[in-house]
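**Student:** kindly return the folded structure for what I paste below:
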Amino acid sequence: MDRIILNRAHRSLPMKEWKKSSCVLCAQNCGLEILIDNGRMTKVRPDRENPRSEGYICRKGMNVMYYQHQKDRLTQPLKRIGDQFVQVSWEMAIEEISEKLLQIRADYGPRCLAYMGASMQGGHFEAGFGVSLMKALGSQYLYSSAGQEFSGAWWVNGRVLGGQHILTIPDEHETEVLVAWGWNGMQSHQMPQAPRVLRSISKDPHKQLVVVDPRKSETAQLADMHIPVAPGTDALLLKAMITIILGNGWENKEYIQKHVEGFASIRDWFNDLDLDAALKVCQLDRDQVVQLCKLLTTKRWCMHPDLGIYMNRQSGLAYYLLTILAALCGVYGVRGGNVIPGMIRPLGGHVDERSAKVWRTVATGMFPAAAGFYPPAVVPEEILNDHPERLRAILVNGCNPLSSYPDTTAYEKAFAALDLLVVTDIVMNETARFAHYVLPSRSLYECWDGTFFPWTYPEVYFQMRQPALDSPGECLEPAQIFTLLADKMGLIAEIPD
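**Tutor:** Purely as a prediction, here's the structure:
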């Protein structure tokens, strides 16, 4: 333990220096140049040499100093004793946490253990180490925001495309029509340089922007066509559109014959829909919907769904129908359509819940529909039950469930009932106040880290980031912390000379 902390490389940084880095506050990770003056960030500007963001930056990137320089920064491990937190050494924290994890596993089995993380937008290395630690302990439980937001969509990808980790992205640079379905890209980017791309398409006389959204969002204000679908009726609208296309014979028959399997088995789903009644529920004009269907069957288009689909009340069904619509129009795997990007490593893997080897949660029966991620919304129920294998110990890193996950009141009650809650973070957040141990993490600008987001085509980028600052006190990288725990529990084999 001492040798790991004491022998870590200490970099003597110049008093004032511009450092290349990237934004860690959204998945686009736009390139930044940060002025470091006497160990602090003092200025931020876009990195015009970054080949992915090309000098683009938004207001979040310009304000990363507020993320980095927190007034209540954690600098030493803390242990809760009664209602108070006291400082302890790393040696004590690692030893006691390791003993408790092994004892809980021995008493109740590995299903009682879970990792809650893999949610950071600027660093994914912690996920590799945290998930590996859980697997070494015998647990499959990984709770992440991806399991909440994308479970319906990624599950459909697993069935339709053959892998939950196979994502399709819009080839917006080669498209004739971009369909933003439930996505306000002018505010929530979700693609590189989104405002630039949306403005460019809006101004191009040879391209069109279509927005399907209940409200006249900032993106809808730029659109050539805005479809103000009633909230929660997206699946019905999609079924109506597919019915219109098939009823008029507008589907791409050649593409379907070459590239689509099983269409005949679902063709009858779209025979007897009362279109006028359906569109009345959607609060839409039939002529406008027919016009949209004509556009999507005569132009090369791509779709960009977002939380309006992913977090819809019928998210899996809505995304499946959107997938069927795209397949019938022949836009998968073609330039200007929706393509499968290259990637260094996928975000998670494929998990098929039909396999007996895949765990379901003991109280709610949930499975990991999103590339191995379980939905965090079930966690309180998985803790507050009488099952002998209920969740009893959770390691939390890089997320704050009591701020960002559903039903925080239930979370408070559940976390208070855990045998062991360990939180790794840079500050004492809401979740950390319920922890038995709080471990001080280096910030994302103090770590060696990178992200695996694959949102580019045809280029493939894997963006790595080196530390721009020294960390205060005794902070360690999450990867170091999980390695120390694994080593203490005897989970790491002896390394040969």
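
**Student:** alpha carbons only for contacts and neighbour counts from here, please
**Tutor:** Will do.

**Student:** for the protein, which spans come out with low pLDDT?
**Tutor:** In the predicted model, the chain carries pLDDT under 70 at residues 1-14.

**Student:** of all residues in it, which one is nearest the centre?
**Tutor:** The residue lying closest to the centre of the chain (CA atoms, centre = their mean) is A146, at 4.3 Å.

**Student:** now do the same contact list for it.
**Tutor:** In this structure, A146 makes contact with 119, 370, 373, 375, judged by CA atoms under 8 Å, 6 or more residues apart in numbering.

**Student:** quick check, nearest of those residues to L137?
**Tutor:** F373 (17.2 Å; CA to CA).

**Student:** which residues touch G130?
**Tutor:** 115, 117, 479, 482.

**Student:** can you verify the residue nearest to the centre of the chain is assigned to a helix?
**Tutor:** Yes - the assignment for A146 is a helix, going by DSSP: H, G, I helix; E, B strand; the rest coil.

**Student:** of the contacts of G130, which belong to helices?
**Tutor:** Cross-referencing these with the helices (criterion: DSSP state H) gives 479, 482 as the overlap.

**Student:** show me the two of the contacts of G130 that sit farthest apart.
**Tutor:** Y115 and A479 (13.5 Å).

**Student:** okay, these two: which has more neighbours?
**Tutor:** Of the pair Y115 and A479, Y115 is the one with more neighbours under other CA atoms under 10 Å, namely 24 against 18.

**Student:** so what's that one bridging to?
**Tutor:** With DSSP bridges applied, the residues forming beta bridges to Y115 are L142, L395.

**Student:** so it sits against G128, correct?
**Tutor:** No - Y115 sits out of contact with G128 when judged by CA atoms under 8 Å, with a separation of 11.3 Å.

**Student:** quick check, nearest of the contacts of G130 to P346?
**Tutor:** Within the set of the contacts of G130, G117 lies nearest P346; the separation is 16.5 Å, counting by CA to CA.

**Student:** what number of residues lie near the nearest residue to that closest one once chain neighbours are set aside?
**Tutor:** Excluding its sequence neighbours, the residue lying closest to G117 (CA to CA, 6 or more residues apart in numbering) is N397, at 4.9 Å. Here the count is done by other CA under 10 Å, and N397 has 23 residues near it.

**Student:** could you list the domains of the chain?
**Tutor:** The chain resolves into domains spanning 2-68, 78-150+350-461+472-488, 168-339 when parsed by automatic domain parsing.

**Student:** tell me how far stretch 417-426 lies from the chain's centre.
**Tutor:** With CA atoms, centre = their mean, to the nearest Å as the basis, the distance from the averaged C-alpha position of stretch 417-426 to the chain average is 22 Å.

**Student:** and for it, what's in contact with it?
**Tutor:** 73-75, 100-101, 383-384, 391-398, 415, 431-432, 434-443, 478.

**Student:** longest helix anywhere in the chain?
**Tutor:** With secondary structure taken from DSSP H, the chain has its longest helix at helix 90-108.

**Student:** now do the buried residues in that one.
**Tutor:** If you call a residue buried by 16 or more other CA atoms under 10 Å, then helix 90-108 has these buried ones: 90, 93-94, 97-98, 101, 104-105.

**Student:** residues in contact with the residue nearest to G117?
**Tutor:** N397 neighbours (CA under 8 Å, 6+ apart): 116-118, 126, 423-425, 478.

**Student:** likewise E49?
**Tutor:** Residues in contact with E49 (CA under 8 Å, 6+ apart) are G55.

**Student:** for Q70, grab phi and psi.
**Tutor:** When read as degrees, to the nearest 10, the backbone of Q70 gives phi -90, psi 140.

**Student:** now the one 10 residues further on
**Tutor:** The main-chain torsion angles of R80 are listed as degrees, to the nearest 10 and equal phi -80, psi 120.

**Student:** neighbours of the spatially closest residue to it that is not a sequence neighbour, how many?
**Tutor:** On the basis of CA to CA, 6+ apart, the spatially nearest residue to R80 that is not a chain neighbour turns out to be H436, at 5.1 Å. Using other CA under 10 Å, H436 has 20 neighbouring residues.

**Student:** so H436 makes contact with P77?
**Tutor:** No - checked against CA under 8 Å, the pair H436 and P77 is beyond contact range at 10.8 Å.

**Student:** any idea how far V86 is from K79?
**Tutor:** Distance from V86 to K79, counting by CA to CA, to the nearest Å: 5 Å.

**Student:** pick out whichever of those two has more residues nearby.
**Tutor:** It is K79, of V86 and K79, that has more neighbours when counted by other CA under 10 Å, with 20 against 13.

**Student:** check contacts around the more buried one.
**Tutor:** Here K79 is in contact with 85-88, 93, 436-438 (CA under 8 Å, 6+ apart).

**Student:** can I get those in CSV with distance to N338 and secondary structure?
**Tutor:** Rendered in CSV, the data for the contacts of K79 read as follows (distance: CA to CA, whole Å; DSSP: H, G, I helix; E, B strand; the rest coil):
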residue, distance to N338, secondary structure
F85, 51, strand
V86, 53, strand
Q87, 52, strand
V88, 52, coil
A93, 48, helix
H436, 46, coil
Y437, 45, strand
V438, 43, strand
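
**Student:** redo those residues as JSON lines? Include distance to I201.
**Tutor:** Formatted as JSON lines, these follow (distance: CA to CA, whole Å):
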{"residue": "F85", "distance to I201": "54"}
{"residue": "V86", "distance to I201": "56"}
{"residue": "Q87", "distance to I201": "55"}
{"residue": "V88", "distance to I201": "56"}
{"residue": "A93", "distance to I201": "54"}
{"residue": "H436", "distance to I201": "52"}
{"residue": "Y437", "distance to I201": "51"}
{"residue": "V438", "distance to I201": "48"}
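
**Student:** what about the strands in the stretch 151-300 of the chain?
**Tutor:** Along the stretch 151-300 of the chain, the segments classed as strands by DSSP state E, counting those that start in this stretch run 169-170, 177-181, 208-212, 225-227.

**Student:** distance of Y310 from W301?
**Tutor:** Here Y310 is placed at a distance of 20 Å from W301 (CA to CA).

**Student:** more crowded one of these two?
**Tutor:** In terms of neighbours (other CA under 10 Å), W301 is the more surrounded of Y310 and W301; the figures are 30 against 21.

**Student:** touching, that one and E176? I think so.
**Tutor:** Yes - look at W301 against E176 with CA under 8 Å: they come within range, at 5.6 Å.

**Student:** any shared contact partners between the two?
**Tutor:** When CA under 8 Å, 6+ apart defines a contact, the residues bordering W301 and E176 alike are G336.

**Student:** count the neighbours of the residue nearest to L238 when sequence neighbours are not counted for me.
**Tutor:** Counting by CA to CA, 6+ apart, the nearest residue to L238 once its immediate chain neighbours are dropped is L321, at 6.0 Å. Other residues lying near L321 total 21 when counted by other CA under 10 Å.

**Student:** you'd agree L321 is in a strand?
**Tutor:** No - for L321, which was evaluated using three-state DSSP, the result is helix, with no strand membership.

**Student:** what's the local residue count around H259?
**Tutor:** A count of neighbours around H259, defined by other CA under 10 Å, yields 11.

**Student:** and for C112?
**Tutor:** Other residues near C112 come to 23 when the count uses other CA under 10 Å.

**Student:** what segments of the stretch 1-150 of the chain are helices?
**Tutor:** The residue ranges that make up the helices of the stretch 1-150 of the chain, judged by DSSP state H, counting those that start in this stretch, are 2-6, 59-62, 64-68, 90-108, 125-136, 145-149.

**Student:** from the chain's centre, how far out does the fourth one sit?
**Tutor:** In this case it means helix 90-108. Centre-to-centre, helix 90-108 and its host chain are 30 Å apart (CA atoms, centre = their mean).
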